[in-house]
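# okay, sequence plus prediction incoming.
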Amino acid sequence: MCQPNSAFPRRVGCGASVRNAASVTKVTRSLDPAGRVRKARLVAWRLLIEVAVVSPPPPNAGANAGAASQADRSGHADAHAHAHGERTHVERTGYLSAAYARSLGEFGTPMALPRSESWILQRQVAPGIADAMGPYPLFCCRDWQALAGDLEDVGRASAGGAPLTSLVVVTDPFGPASPDLLAASFPDRVAPFKEHYVADLSRPLASFVSAHHRRYASRRVVEVAVCSQPLDWLDDWCALYANLCARHQIRGIPALSRAAFTHQLNVPGLTALRASAGGATLGMVLWYRHDDVAYYHLAAYSDEGYQQRASFPLFWASFEHLAAAGVRWASLGAGPSAGDKAPSQGTDGLIRFKKGWSTETRLTYLCGRIFRPDIYRALAQERGFADSRYFPAYRQGELA
């Protein structure tokens with residue numbers, strides 16, 4: 001079901017009156033950005049003392065009663081707490097969590113990197129030979145300084161046993177901005193990859209959201225809900241995502257399965273919002289939070305959702321909700337690859353959409369490390385890619 005925030009409607013920055021009820025939050029639109037911070041604090045206080053259930057549960061409620069899924073589980077736990085000189089165990093959230101790594105088990109075997117508190121996926125290259133990649137879509141790491149030690153351990157294990165040939169990752173846009181620091185862990189490849197749009201949610205939304213986006217966020221009346229049990233909406237989400245994959249011919253790892261989503265809708269730190277009209281789901285958006293960053297994971301819409309432009313009120317309500325929950329940054333995902341074209345010149349619809357919600361960009365890097373140069377060279381030569389700049393060279397063309 002969807003978690004009520006307050007028994008009373010509240011005004012959000014675009015004038016949306018949001019009432020987080022058991023299944024829906026009614027949103028009406030008029031521009032009213034003033035006092036957003038003061039009202040967000042008031043809403044946060046009301047969250048502590050008020051609960052209202054004003055509509056019936058979602059259609060799947062109870063079907064997954066055995067699965068404990070809570071939205072907005074905080075990513076504020078201290079990663080470096082120590083007891084008697086040893087790091088204590090703290091459940092990680094979002095892309096840092098073991099649960100998220102396990103959700104990608106169809107694409108590789110999760111491997112924990114304990115010093116840096118991060119994950120990679122081991123995958124088969126050929127019989128008896130494996131390599132590894134960072135989790136899709138981003139490699140996040142609690143302690144980047146400790147990562148080099150983890151990878152040294154991986155290298156020693158690869159030299160003495162089943163060979164792990166190489167590792168490739170795409171870095172967190174809120175990770176190190178220094179190529180030199182990354183090169184300590186990835187001596188074979190550190191290359192600028194993509195600009196990611198981010199939004200500073202400490203600012204009033206009306207001060208940076210584009211006029212176009214504000215207009216579409218305010219022009220329609222839709223119902224927006226913050227889902228306290230995202231797994232109850234698994235059927236709806238899978239139908240929406242199938243529509244997205246069909247519209248955009250999505251294949252490979254991004255074409256995630258129902259099994260993967262069964263895990264992902266239960267990952268600690270997930271915030272899911274649902275847009276609907278007349279009880280029908282128009283769209284959903286998923287965010288993963290750790291610390292003061294919320295990462296836009298995925299969004300998908302029905303055909304009616306596209307026609308109604310449900311993405312605009314859904315994102316506006318997301319920003320309002322995340323800001324009220326103490327999130328400073330919203331990471332909106334990638335723009336064009338570095339070197340293709342400047343983000344400011346992007347004309348693609350997705351780029352315009354993300355740019356219209358953002359305050360700035362942050363660069364990600366594609367990083368690679370070769371653990372077994374002999375095997376790496378042999379594989380690349382065998383597959384005809386010995387001189388390729390693709391990393392790892394022997395996998396060139398696999399995603400085409």
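Ah, there it is.
# OK, contacts around Phe371?
154-155, 158-159, 163-167 (C-beta atoms under 8 Å, 6 or more residues apart in numbering). (C-beta placed from N, C-alpha, C; glycine too.)
# let's see which of the residues you listed end up in strands.
164-167 (DSSP state E).
# so which one among the contacts of Phe371 has the lowest pLDDT?
Comparing pLDDT over the contacts of Phe371, the lowest score belongs to Ala159 (61).
# how about the helices of this protein, start to end?
36-49, 98-103, 147-160, 179-185, 211-218, 234-248, 258-264, 303-307, 311-324, 349-357, 373-382 (DSSP state H).
# ranking those by burial, who's on top?
The highest mean neighbour count among the helices of the chain, using mean count of other C-beta atoms under 10 Å, belongs to helix 311-324: a mean of 25.
# quick check: mean pLDDT of stretch 176-186?
On average, stretch 176-186 scores 93.
# and if you look at stretch 286-306?
Summarised as a single mean, pLDDT over stretch 286-306 is 97.
# hang on, the earlier thing: buried only: go through the ones in strands among the contacts of Phe371 for me.
For the ones in strands among the contacts of Phe371, a burial check counting by 16 or more other C-beta atoms under 10 Å picks out 164-167.
# Ala260: which of the residues you listed is nearest?
Closest to Ala260 out of those is Leu167 (21.6 Å), distances taken as C-beta to C-beta.
# wouldn't that closest one be in contact with Met133 here?
Yes: Leu167 is in contact with Met133 according to C-beta atoms under 8 Å; the separation is 7.0 Å.
# what touches both of those two?
Residues touching both Leu167 and Met133 by C-beta under 8 Å, 6+ apart: Ile120.
# still on that earlier bit, distance to Val224 added to the contacts of Phe371, as CSV?
Below are the contacts of Phe371 laid out as CSV (distance: C-beta to C-beta, whole Å):
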residue, distance to Val224
Val154, 44
Gly155, 48
Ser158, 48
Ala159, 53
Pro163, 50
Leu164, 45
Thr165, 47
Ser166, 44
Leu167, 40
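# widest-spaced pair of those?
So, the contacts of Phe371 by C-beta to C-beta: farthest apart are Ala159 and Leu167, at 14.2 Å.
# where does pLDDT dip in the stretch 201-350 of the chain?
336-347 (pLDDT under 70).
# how about the contacts made by the residue most central in space within the chain?
Central residue of the chain (C-alpha atoms, centre = their mean): His297, 2.9 Å from the mean position. With contacts defined as C-beta under 8 Å, 6+ apart, His297 is in contact with 264, 286-288.
# which among the residues you listed gets closest to Ser185?
For the contacts of His297, the minimum distance to Ser185 (C-beta to C-beta) is 23.0 Å, reached by Tyr288.
# who touches the closest one in this structure?
Taking C-beta under 8 Å, 6+ apart, we find Tyr288 in contact with 93-95, 100, 267, 269-271, 294-295, 297.
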